[in-house]
Each structure stands twice: as structure tokens, then as C-alpha cells.
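Student: Compute the structure for the input listed below.
(2 chains)
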Amino acid sequence: MTRTRAIAALLGAAAVTAGAALAEPVEDKLTVNGQIEMTTWTEPSPVVDDALPQLISGWHFRGTETRAMQADDFDNPGMIYVDGAREAWDTVEGEAGKSCASCHGDVSEGMKGVRAVYPKWSEEAGQVMTLEMQVNACRTQGMEAEPLKYTGTDMTSMVALISSVSRGMPVNVATDGPAAETWEQGKELYYTRFGQLELSCANCHEDNYGRMIRADHLSQGHINGFPVYRLKNTKLNAVHSRFKGCVRDTRAETFSPGSPEFVALELYVASRGNGLSVEGPSVRN
Amino acid sequence: MADNVRPRVKAPRSAEAGETVTIKTLISHPMESGQRKDADGNTIPRSIIHRFTCAFNGETVIDVAMEPAISTNPYFEFQAVIPDAGDMTFTWHDDDGSVYEETKSIALA
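Tutor: You can find the predicted model right below:
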């Protein structure tokens, strides 16, 4: 066992440092349903101009067929979950006898632009709130219903629905003001090496994007496409599930989805993609 | 009936007589193969859609027998010649006896 691990560690290290195999992003243009033009390759925002020369959506790092799936809502399996959430949006739940629609009206009007600015500082809560936290705050306080599991299908589908109506709008999370402290904490986490492999987020997604990590392409790790429908597990995946998977792969004890650490990391990672279009639900492998 | 089964079809609203059009269909369904076991070791019973058909004005376009190896949310894309205006009906037959139906009208351009 120890020996297998040592070999695996060597392979992992070789993939990251030697980086012989290239997996360059493909030049292409993403237009969803022939209508929504996406910004998937752009100049970096001031937040990360020293870290990344160009902002490239993970979409460019995927294969031709996978990229095509995202270009049409019928072909995008993530939209199945969006349809499910559309029903949940109008469903009355909880003691207060309300549905999402009771307060927010039609989702495509009431939620337009929301995904683009989350995570966001909430004066009321006195902390940075992710979209998931906001959904559950609405459920527990507004609807007096049970909160949804943070990375469960119901929650992720709802986030996908809210995200889908902001597609094409640029990600624009605030990193200053009261959110600055959380943002700094997220940045610290991003550059901290974790686990037995001693890898930070930056080791892969900043230093080695465009190369192979074993059999997979390393992207810049933007989260503008979340929730993501992944072909490998045939379901929608939440941002914090992805974070957890990445930290686990460094062979570290991970933080929990919804934990303050991951909320801070989400804010920082989202800000690195400021300027890219909201793509969620996107399709990746 | 399996939960959250929802058929969807993408077909053109109109076509020229004799034109070949592309039809896309997808139905959300877990397609439980009957090969898996739950946490207690009991076999999860098979529950799949075993037949998919498409007919245009009553005439069969395709009739597909499906087996347990087909993935979740089966997707079919095929081409059909549209001889005349009419209704295209799609039916999916579930193992539990449910039949899901969808109809698309295609007009002549």
C-alpha cells in the first residue's frame, strides 16, 4: 500500500512538474441556443491581473462534443435539472405558505443577474453569503420550510435554475468593502498547499493550466460554469463539491461544503473569473 | 411510475413536403438496470424504459427496443422525411406499465 502510494505520488508530481503533455485550450466561440453569446476568453480583471495573463473558461479545455452539448439547451443534460427546479420554484412549501415565486415572481425576471454577483456580503447576516446559503435563508426565514442539503440535488438544481437566467452576463463579484476580509481569507486558502501531495489550488490551476494531470486537462479552475453537469457522474455538481473533490485529491482532510473556509474560497475563485460570462449549468467531463 | 419522468422533443414547427428533418428526443428517467444493489445488499429492481416509438400520422417512423445497459435519461436523435403536414407522436413504454406520450405538429412551409 505504502509503495503504491509512493508511486502514485511520484506520478502525480511528475504530471505537475514535468508537464510534458499539453492540453491547450481550443479556440472556439460559445453561443447558447444561437442566442446567448458567451464571453469565454477575455482580459483578466484587476483582481488577478498578476496571476493569469488571460481568463479562459473551462469550456475551452473540453472536447468538441462536450463543448457542443453546452451550446444547445436540449443537448445540455443540466437543463433537465433546471426544468425540475422550475417546478420547485412555484411549489408552496413550509409554514408560511409561500413558494419562491410568492416573493420573487417570475424566475427569469426576479433572478436575472443574481448569479453573477454571488457570493456577496449580506448586511443582514453579517457575513458573505453564497447563493446556496441565500436559498436556505429564504427557505428557513421566509418560507419557514426545511433547509435543503447544501450540495444535494434539490439545492444544486435550484442554483442551476437561478444561474441559467443570468447566462451571458459577466461575473462581477465584489471583493472590496465588507467582503474584503473574507476575500483575503479565500486568497490565502487558494495559495496554501494542502495534503500529502502538498498542492495548492494555484499549483494546478495557475501554474499548470493547459497541461495534462494524468488523463485530464487542467483548466484555470473558474467557477463561472457552476453548477456543472459532469459526464463522469451524470449529475449536476455544486462548487463546494468540486472544491471538496480537489482538496481530497491532494490527500488532505477536506473542509465541509458550506463551511466558512469554502465560502471564502468560493468568493476568491469567483472573483478570479470576473469578466467571464455566467455559464451555469455548463457541461464538463 | 419512476419519479420526475419528463419527455421532451425538439422538432421543427414546419418543413417543406419531402424534406428530411432532424428530430431530437430525450426523456428523464433513472434507467435502473436491475444489476445494482442497495446499501443493505438487496438488488434494486430493474426499472427502465424498454420501448420507444415514433409515428407520423399513424405511420411508424421508428420503433426501438431498449435494454438495461442504456444510460440514464435516454436520448434519441434521428431523421425523418416529412411527406405532408401532420402530427408526430412519440411514446415511451416504462417497465412499470406507464406510457409517456408527446405530440408535435409539423406544418408545411
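Student: okay, residue 2: pLDDT?
Tutor: In the absence of a named chain, this looks at chain A. pLDDT for A:T2: 47.
Student: actually it's chain B I care about, not the one you picked
Tutor: pLDDT, B:A2: 60.
Student: Equivalent analysis for A:N233, please.
Tutor: Value for A:N233, per-residue pLDDT: 87.
Student: how about the residues of chain B near chain A?
Tutor: B:4, B:6, B:8, B:10, B:24, B:26, B:28, B:71-73 (Cβ under 8 Å from any Cβ of the partner chain). (C-beta placed from N, C-alpha, C; glycine too.)
Student: in the stretch 1-150 of chain A, which spans are strands?
Tutor: Secondary structure of the stretch 1-150 of chain A (DSSP state E, counting those that start in this stretch): strands located at A:31-32, A:36-37, A:41-42, A:55-56, A:120-122, A:127-129.
Student: among the ones you listed, which is the most enclosed?
Tutor: Scoring the strands of the stretch 1-150 of chain A by mean neighbour count under mean count of other Cβ atoms under 10 Å in any protein chain shown gives strand A:55-56 as the most buried, with a mean of 22.
Student: ok, now how distant is the residue nearest to the spatial centre of chain A from chain B?
Tutor: Among the residues of chain A, the one closest to the centroid is A:I223, at 3.2 Å (Cα atoms, centre = their mean). Note on A:I223: its distance to chain B, by Cβ to the nearest Cβ, to the nearest Å, is 25 Å.
Student: quick one: contacts for that residue?
Tutor: Shown in contact with A:I223 (Cβ atoms under 8 Å, 6 or more residues apart in numbering or on different chains): A:239, A:242, A:266, A:269-270, A:273.
Student: Ok, A:V135 next?
Tutor: A:148, A:155, A:158-159, A:162.
Student: and what of B:F56?
Tutor: Counted by Cβ under 8 Å, 6+ apart, B:F56 has contacts B:80, B:82, B:86-89.
Student: in the contacts of A:V135, which two residues are the furthest apart from each other?
Tutor: Longest distance between any two of the contacts of A:V135 is 12.9 Å, between A:L148 and A:I162; criterion Cβ to Cβ.
Student: So which of the two has more stuff around it?
Tutor: A:I162 (27 against 20; other Cβ atoms under 10 Å in any protein chain shown).
Student: Surely that one forms part of a strand?
Tutor: No: counting by DSSP: H, G, I helix; E, B strand; the rest coil, A:I162 is not part of a strand but helix.
Student: who in chain A is up against chain B?
Tutor: A:74-75, A:77, A:80, A:83-84, A:234.
Student: What is the neighbour count of the nearest residue to A:V165 once chain neighbours are set aside?
Tutor: Closest residue to A:V165 apart from its sequence neighbours, by Cβ to Cβ, 6 or more residues apart in numbering or on different chains: A:S108 at 4.6 Å. A count of nearby residues for A:S108, using other Cβ under 10 Å, gives 12.
Student: Equivalent analysis for A:Y268, please.
Tutor: A:Y268: 25 neighbours (other Cβ under 10 Å).
Student: okay, now residue 73: neighbour count?
Tutor: Just going to use chain A. Look at A:D73: counted by other Cβ under 10 Å, it has 19 neighbours.
Student: Chain B is the one I meant
Tutor: 16.
Student: Next: A:H205.
Tutor: The number of residues near A:H205, taken as other Cβ under 10 Å, comes to 21.
Student: Quickly note the distance from it to A:G221.
Tutor: Using Cβ to Cβ, to the nearest Å, we find A:H205 at a distance of 3 Å from A:G221.
Student: picking up where we left off before, can the strands of the stretch 1-150 of chain A go into TSV with extra columns for mean pLDDT?
Tutor: TSV is the format used below for these (pLDDT from 0 to 100):
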stretch	mean pLDDT
strand A:31-32	90
strand A:36-37	92
strand A:41-42	92
strand A:55-56	93
strand A:120-122	95
strand A:127-129	96
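Student: Same list (the ones you listed) but as a markdown table, adding distance to A:G97.
Tutor: Putting the strands of the stretch 1-150 of chain A into a markdown table (distance: least, Cβ to Cβ, whole Å) gives the following:
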| stretch | distance to A:G97 |
| --- | --- |
| strand A:31-32 | 36 |
| strand A:36-37 | 35 |
| strand A:41-42 | 45 |
| strand A:55-56 | 44 |
| strand A:120-122 | 25 |
| strand A:127-129 | 25 |
